[in-house]
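> With the sequence up front, the predicted model follows.
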Amino acid sequence: MSTLTKSGARHQYALVVDTTRCIGCEACSVACRVENEVPDGHWRSRIAPPTSGGSKAPLKWSCMHCADAPCVQVCPTKATYRRTDGIVVIVADKCVGCKYCIVACPYGARYFDDKKGIPDKCDLCAGMLDAGLKPACVQTCVGRALAVADLADPHDKDAARIRSGEARPLHPELGTKPSVYYVVGE
Amino acid sequence: MVWGWQIAWYLFLGGLGAGATVTSLLASRAGPRVGTIERAGATLAGPAVALGTALLVFDLGMGRREPWRLVYLYLNWGSPMTWGTWILTLFIPVALLHALSITGPLPPRWERPVAPVRRAAVRARGTLKVMAGVLAVSTAIYTGVLLSAPPSFPLLGSWLLPVLFLLSALSTGMSAAVVSGYVLARHEKAEFDLCSWSRIHIGLVVMELVVLFAWLTVGAASQAGGDSVQLLVSGSLAPVFWVVVVFGGLIAPVIAHIATATNGNSQVALAGEAGVLAGGLALRYLVLLAAVPVIIGPAL
């Protein structure tokens, strides 16, 4: 479980993706795949191609760790829940594999792992964070475009980018309060 | 959509069982004599919903491999699937008991172990009818709520979907009960009044037709919802939508029931009932196949 910050407050994690530093090399996707043994044909983290109507930059796309996560709301077994530090995780032992969370996620961030018999997704490498390490994607990013921010830490520079509005969430209009924030150029 | 044919059949069979129960209860209001439709509808309901639920379990991942995990499904009162788990858990035995309470004895070999349960069911017949009615309507609405609750698919996320599924459930259940009741009546050489059922069924199907197009109109308001509607009305799913759902499942049955209500030709009405069943199943399939997600690309 989550540990405490130096000031004693709970961690409140968020991921900051600086698209102005992203070169779309997919190193984060590969590192994630290796670290989490993601099966072929699925992804926990990927680079979404730029679209004509939206962003002109490639976007790292993964679970948005929503504060009001539809997957958490619909999960009948409470196998999916949001930790106090903001990371949305799946307790494999409680999951029946009904796939309702996959249906419910508007970001399409979940996949069904046939071998495990349960849905899976990015958990921000929670085990590594708990051990004081950074997630695999953040460690690997060659352009230093990725950072884990701690909103509970008033001195965290990446959290300041979120507070100032420089980093913004994807599709906030859906009302799920995502915890992945993007910095976009002019 | 990650849900496939098992879920489409489950949604269809759950609705059919619910509708067959309601039909049986409506038939019971005709008089003290227990008619063939009343018995057929009640008898169909439990097995239909149980079969649908079995398909649902078969579609699970770890829940199928380690069935004791299914107990966790009762936990999250905020999840529509937990509501459904409770509803199905109660509805299947209540539907079976309701059937026992109004049907005659089985062959002696089968009746012996059932007899004490049947006696208790007959004593509680009134309570069972009320419970079966409430749980049947809950099941029919729930199948639509399951799909409409998440925000991910705009076409599905409308309150009109549960209404559409309720009407379709009543209609398909009525068709199944009427066809089975007709076969039973012929077997028992009993009288069978199809005309009055045709009049009720016309009303149901016309309402379903109106709600279907209202649902599509409301769903088309968003980008992804519009893409879903386009898939159904003019895209790759259009042939099945227009031929099986709209014509075979709604328009042709109305024509068939009008013909029966006016000239009493039961064969035509029975063909219409087959169309309703095929249309109801196709509707469930198409709703899953036409689900276009709300986010189809990044936008900042």
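That came through fine.

> Which helix or which strand is home to the residue of chain A found nearest chain B?
With Cβ to the nearest Cβ, the shortest gap between chain A and chain B falls at A:Gly97, namely 2.2 Å. Just so you know, the C-beta spots here come from the backbone N, C-alpha and C atoms, and that holds for glycine as well. Using DSSP states H and E, A:Gly97 is not contained in any helix or strand.

> Same question for the one 5 residues further on.
A:Ile102 is part of helix A:100-104 when elements are defined by DSSP H and E.

> List the contacts of that helix.
Helix A:100-104 is touched from outside by A:70-71, A:73-76, A:80, A:90, A:110-112, A:119, B:1-3, B:79, B:81, B:146-147, B:149-153, with contacts defined as Cβ atoms under 8 Å, 6 or more residues apart in numbering or on different chains.

> one more time with 7 Å
The contact list for helix A:100-104 (Cβ atoms under 7 Å, 6 or more residues apart in numbering or on different chains) reads A:70-71, A:74-76, A:80, A:110, A:112, A:119, B:2-3, B:81, B:150, B:152.

> Stretch A:64-78 too?
If you take Cβ under 7 Å, 6+ apart as the criterion, stretch A:64-78 is touched by A:80-82, A:86-88, A:94-96, A:98, A:100-101, A:104-107, A:109-110, A:124, A:170, A:175-180, B:72-73, B:75-76, B:78-82, B:85, B:149-152.

> Endpoints of that stretch, how far apart?
18 Å (Cα to Cα, to the nearest Å).

> Tell me where chain A has helices.
Here chain A has its helices, by DSSP state H, at A:27-36, A:70-74, A:100-104, A:126-130, A:136-140, A:157-163.

> returning to that earlier point: out of the contacts of stretch A:64-78, which are inside strands?
A:80-82, A:88, A:180 (DSSP state E).

> can you pick the most crowded of the residues you listed?
Counting neighbours by other Cβ atoms under 10 Å in any protein chain shown, the top entry in these is A:Thr80, with 27 neighbours.

> what residue ranges in the chain score low on pLDDT?
No chain in the question, so chain A it is. Regions of chain A meeting the criterion pLDDT under 70 cover residues A:1-9, A:49-56, A:186.

> I was after chain B.
For chain B, the stretches with pLDDT under 70 are B:32, B:296-300.

> returning to that earlier point: buried residues in the helix holding A:Ile102, which are they?
By neighbour count on 16 or more other Cβ atoms under 10 Å in any protein chain shown, the buried set for helix A:100-104 is A:100-104.

> Repeat that for stretch B:76-90.
B:76, B:79-88, B:90.

> who touches that stretch?
With Cβ under 7 Å, 6+ apart as the test, stretch B:76-90 has contacts from A:73-78, A:98, A:100, B:49, B:53, B:73-75, B:135, B:138-139, B:142, B:145-146, B:149.

> Which ChimeraX command selects the buried ones in those?
Filtering the contacts of stretch B:76-90 down to the buried ones (16+ other Cβ under 10 Å) takes a single ChimeraX command:
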select /A:73,74,75,76,77,78,98,100 /B:49,53,73,75,135,138,139,142,145,146,149
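
> who are the neighbours in contact with residue 156?
Using chain A. Counting by Cβ under 7 Å, 6+ apart, A:Asp156 touches A:149-150.

> wrong one, chain B
The contact partners of B:Leu156, taken as Cβ under 7 Å, 6+ apart, are B:147-148, B:287, B:291.

> and it, helix, strand or coil?
Assigned by DSSP: H, G, I helix; E, B strand; the rest coil, the conformation of B:Leu156 is coil.

> excluding its backbone neighbours, what's nearest it?
Leaving aside its chain neighbours, B:Leu156 sits nearest to B:Leu147 (4.6 Å; criterion: Cβ to Cβ, 6 or more residues apart in numbering or on different chains).

> measure stretch B:52-69 end to end?
Start-to-end span of stretch B:52-69 (Cα to Cα) is 19 Å.

> touching chain A at all, it?
Yes - in terms of Cβ under 7 Å from any Cβ of the partner chain, part of stretch B:52-69 sits within range of chain A, namely B:60-63, B:65, B:69.

> got the contact list for that stretch?
Stretch B:52-69 is contacted from outside by A:95-98, A:112, A:117-118, B:6-7, B:9-10, B:13-14, B:70, B:88, B:92, using Cβ under 7 Å, 6+ apart.

> Could you list the residues of chain A in contact with chain B?
Taking Cβ under 7 Å from any Cβ as the criterion, the neighbours of chain B within chain A are A:48, A:51, A:53-55, A:59, A:61, A:70, A:73-78, A:94-100, A:102-108, A:112, A:117-118, A:168, A:170-171, A:174, A:182, A:184.

> What residues sit buried inside stretch B:51-63?
Buried, per 16+ other Cβ under 10 Å, within stretch B:51-63: B:51-53, B:55-57, B:59-63.

> Please flag which of these sit within helices.
Among the buried residues of stretch B:51-63, DSSP H puts B:51-53, B:55-57, B:62-63 in helices.

> can you list those in a markdown table and add distance to B:Arg119?
Listed next are these as a markdown table, based on distance: Cβ to Cβ, whole Å:
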| residue | distance to B:Arg119 |
| --- | --- |
| B:Leu51 | 27 |
| B:Gly52 | 29 |
| B:Thr53 | 27 |
| B:Leu55 | 33 |
| B:Leu56 | 32 |
| B:Val57 | 31 |
| B:Met62 | 41 |
| B:Gly63 | 36 |
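
> Now the two most distant members of those.
Greatest spacing in those, by Cβ to Cβ: B:Leu51 and B:Met62 (22.2 Å).

> Count the neighbours of A:Ala149 for me.
When counting by other Cβ under 10 Å, one arrives at 22 neighbours for A:Ala149.

> quick one: contacts for the nearest residue to it once chain neighbours are set aside?
Spatial nearest neighbour of A:Ala149, chain neighbours left out: A:Asp158 (3.6 Å); criterion: Cβ to Cβ, 6+ apart. By Cβ under 7 Å, 6+ apart, the residues touching A:Asp158 are A:16, A:147, A:149.

> hang on, the earlier thing: which one of the buried residues of stretch B:51-63 is nearest B:Arg199?
The closest of those to B:Arg199 turns out to be B:Gly52 (Cβ to Cβ; 29.0 Å).

> returning to that earlier point: out of the ones in strands among the contacts of stretch A:64-78, which comes closest to B:Glu38?
Of the ones in strands among the contacts of stretch A:64-78, the one sitting nearest to B:Glu38 (Cβ to Cβ) turns out to be A:Thr80, at 44.1 Å.

> From A:Pro70, how far off is that closest one?
10 Å (Cβ to Cβ, to the nearest Å).

> what touches both of these two?
With Cβ under 7 Å, 6+ apart, A:Thr80 and A:Pro70 have no common neighbours.

> Can you point out the buried residues in stretch A:145-162?
Within stretch A:145-162, the residues that count as buried by 16+ other Cβ under 10 Å are A:145-153, A:156, A:158-159, A:161-162.

> and the longest helix for chain B?
Per DSSP H, chain B has its longest helix at helix B:160-188.

> by contact count, what packs against that helix?
Under the contact definition 3 or more Cβ pairs under 7 Å, 6 or more residues apart in numbering or on different chains; DSSP states H and E, helix B:160-188 sits against helix B:5-28, helix B:36-58, helix B:125-148, helix B:194-219, helix B:266-289.

> Appreciated, that's everything.
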